[in-house]
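> no FASTA, just this:
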């Protein structure tokens, strides 16, 4: 840039000298000097370089996944009709016979609840397939459902598209029905079925694999116990390559990722400290402390593998009539939301259809109440376009100024100079307002950085701390004791490298 400036300066200087000599005008010479001075000043204003990324960073497919935030899980199979959670594998297809199956009722209820996608259990551990797979007879094609012509996967994928939901699939690696499970031949069978799901049902946003595998089962009549080594038997790397080829936009979920990891529990919470980064080779089940590691991530992790919180709206994952009175309340779902999405994780909420093939009325009522609580809590962002004061910003450039955190643009952010890992942002609400929630987001395209922060409010002419935390990541929502204040200050007290904050909202 300096080289280009010097050349431009010389050209301008020479041209003005020629003009000056030609006119022999003293006043013009003074003008000439002034122009050169202004030119030098304006040309020396150089664009401030953006911060360097702190690795690892999310892929485009992971960024799209982050923005979905909350979505539904649907567990539906022969277990719905037997009352089991894990089918043994010897269930007859004839038992699968929903009387009023309506995938559009599912999709509409899920959309109306403010969820953005749906993952269907296309095959659970019992091996029964919800689509007419050409590779097995253990599927809907041999059930009374729609006279053997039905395809639950197609119906659900079509309903998702009609109601604006992303669609994903779960294909259990463990199959208690297959005679060849635990042999190399089963892996060929499994991958053939995966290809069917990846090619016949449109674009997919997530492919879901769980860790349940090996144990007693029907296994084609053998009725025995079979054990496999999860990390070796499934040859995951080659299975994942099929997904990358046929569904390049889909994230892959499992305990060990590679794109999204399990949160380490099924109770509905991510860690208070929740790094999106982790060492994926430490995530195979059975290792000491695995659940804590999954829940919190690893600050030094070399892979961007964020957490997903999977939890059911009922005690079980499949529908059981005895649980109709045990559906989670809207208040409980709101708490789960704050402890999952509000800690930077994705929320996968299971809502199991009943024997009719419908989402139960009690579940829908709870979903609607939960949506109402969220709408009320986050109705008005008091910090929208609010004035922001900060003790420092990168290169004194407006491109990185504090105002970027309240402008509503997720692609702008506040940043400090390199080497500065602590700073504050002070937001002026214009007048005293009652606040209950603070939402913050890092600019994660350049990595996750913040290691510790505090939140203060101005009260009685002094700063009062109302919250603190470790990580922020994609999103952090803090619920505080309601307080009246005009000013809120976010103190970044420690960061891996210069912090980048994209968004702050106050409710």
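Alright, I've got the coordinates. Being a predicted model, the structure only gives us computed values, none of them experimental.

> now do residue 476: how many residues are near it, please.
Residues near residue 476, counting by other CB atoms under 10 Å, number 22. C-beta coordinates here come from the backbone N, C-alpha and C atoms, glycine included.

> list the contacts of residue 72.
With contacts defined as CB atoms under 8 Å, 6 or more residues apart in numbering, the neighbours of residue 72 are 106, 110, 115, 117, 118, 119, 348, 349, 350, 351.

> what about the second one, distance to residue 70?
Remark: distance between residue 110 and residue 70 (CB to CB, to the nearest Å) = 10 Å.

> more crowded one of the two?
Using other CB under 10 Å, the more surrounded residue of residue 110 and residue 70 is residue 110, with 26 against 23.

> so residue 79 sits against residue 87, correct?
Yes - assessed by CB atoms under 8 Å, residue 79 is found in contact with residue 87 at 5.1 Å.

> average pLDDT for the strand or helix carrying residue 120?
Assignment of secondary structure by DSSP states H and E places residue 120 within strand 117-123. This predicted structure assigns strand 117-123 an average pLDDT of 98.

> who's in contact with the helix or strand just after that strand?
The helix or strand immediately downstream of strand 117-123 is helix 152-162, counting by DSSP H and E. Identification of contacts with helix 152-162 by CB under 8 Å, 6+ apart yields 74, 76, 101, 103-104, 106-107, 117-118, 120, 122, 130-131, 140, 145, 165-167, 169, 197, 200-202.

> what average pLDDT does helix 152-162 get?
Averaging pLDDT along helix 152-162 yields 98.

> that one to strand 117-123, inter-axis angle?
180 degrees (axes from the mean of the first three to the mean of the last three CA atoms, to 10 degrees).

> in helix 152-162, what's buried?
Within helix 152-162, the residues that qualify as buried by neighbour count (16 or more other CB atoms under 10 Å) are 152, 153, 154, 155, 156, 157, 158, 159, 160.

> and it, how far from the chain's centre?
Its chain's C-alpha centre lies 22 Å from the corresponding centre of helix 152-162 when counted by CA atoms, centre = their mean, to the nearest Å.

> repeat that for stretch 82-97.
What separates the centre of stretch 82-97 from the centre of its chain is 33 Å, taken as CA atoms, centre = their mean.

> quote the end-to-end distance of it.
Between the start and the finish of stretch 82-97 there is a gap of 11 Å, counting by CA to CA, to the nearest Å.

> re the thing from before, mind picking the two most distant members of the contacts of residue 72?
Every pair in these was compared (CB to CB); the two farthest apart turn out to be 106 and 348, at 15.0 Å.

> and the contacts of helix 152-162, which of them are buried?
Buried by 16+ other CB under 10 Å: 74, 76, 101, 103, 106-107, 117-118, 120, 122, 130-131, 140, 145, 165-167, 169, 197, 201, out of the contacts of helix 152-162.

> sorry, back to before: just give me the closest of the buried residues of helix 152-162 to residue 443.
Distance from residue 443 was checked for each of those by CB to CB. The minimum falls on residue 160, at 30.3 Å.

> name the SS class of the residue lying closest to that closest one once chain neighbours are set aside, please.
Excluding the flanking residues, the one nearest residue 160 by CB to CB, 6 or more residues apart in numbering is residue 167, at 4.3 Å. For residue 167, the secondary structure call by DSSP: H, G, I helix; E, B strand; the rest coil comes out as strand.
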